[in-house]
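Chemist: Here's a sequence, model it:
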Amino acid sequence: MNINTLLLVDDEEGIRKILGITLADKGYDVSVAPNGEEALRIFKKVRPGIVLTDIKMPGMDGIELLKRIKAYNAEAEVIMITGHGGIELAIKSLKFEATDFVTKPINDDVLDFALKRARERITMREQMRAYTQKLEQMVSEQNSEFGVRNKERMAAFWHSFEEIAEKLNQGVGMTEQGLLHNNRDDLEKGVHLMKAHINKLRQLRQTEF
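Modeler: Numbers count the residues shown, from 1 in each chain. From the prediction side, this is the model:
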């Protein structure tokens, strides 16, 4: 999954052209689709790192497209586009693991923020995979020295670390949502989640092998 590839989905040709140019100027390799069905076909072929899709479209709408993309690849980062009358749908999309949403007319700073968050999530997963591979290599090389028991303990340690890192990422996301949408509830939940798992991370540091 390439972090610089992006699929733009909107049934309005003018938006596809203008926003497509804007995204290309930001450094993305942009594919475009006029509807959900075509978007799903392109997604499976191109495997873009980020999908930016309108919510209200004829036929397959953005929510259904989000569900199908997530079913095909749960790691896909999907940002929803909505008009001011579709905020409830946009919030609903977050429950289906959309990365974020932006409203029309699209504010460039808000779009940049959403794209940055999507890229950070992709980068974090890639780093986690690299760390996991490195740890597995270390375990394999040191297996004869530490024995099976220590190997299992190290694997359990890393599994716990991954869980904590994911929770911290969720906390950051909730905090960002709270700040972006002036939602005190999301902000407080995000801060609480981060504090709780920072403490767990400190406890994990005391693990002995």
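Chemist: Please, where are all the helices along the chain?
Modeler: 13-25, 36-46, 62-72, 87-95, 108-180, 184-204 (DSSP state H).
Chemist: Need the residues that contact the shortest one.
Modeler: Yep, that's helix 87-95 we're talking about. For helix 87-95, contacts defined as C-beta atoms under 8 Å, 6 or more residues apart in numbering pick out 55-56, 62-63, 66, 78, 80, 82, 98, 100-101, 103, 177. From N, CA and C alone the C-beta is placed, and that goes for glycine too.
Chemist: returning to what we had before: columns mean neighbour count on top of the helices of the chain, output as JSON lines?
Modeler: Output for these, formatted as JSON lines (neighbours: other C-beta atoms under 10 Å):
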{"stretch": "helix 13-25", "mean neighbour count": "14"}
{"stretch": "helix 36-46", "mean neighbour count": "17"}
{"stretch": "helix 62-72", "mean neighbour count": "19"}
{"stretch": "helix 87-95", "mean neighbour count": "16"}
{"stretch": "helix 108-180", "mean neighbour count": "15"}
{"stretch": "helix 184-204", "mean neighbour count": "14"}
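Chemist: Mean pLDDT and distance to I3 for those helices - can I get that in JSON lines?
Modeler: Listed next are the helices of the chain as JSON lines, based on pLDDT from 0 to 100; distance: least, C-beta to C-beta, whole Å:
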{"stretch": "helix 13-25", "mean pLDDT": "95", "distance to I3": "13"}
{"stretch": "helix 36-46", "mean pLDDT": "96", "distance to I3": "13"}
{"stretch": "helix 62-72", "mean pLDDT": "96", "distance to I3": "16"}
{"stretch": "helix 87-95", "mean pLDDT": "85", "distance to I3": "22"}
{"stretch": "helix 108-180", "mean pLDDT": "78", "distance to I3": "5"}
{"stretch": "helix 184-204", "mean pLDDT": "76", "distance to I3": "24"}
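Chemist: Okay then, goodbye and thanks.
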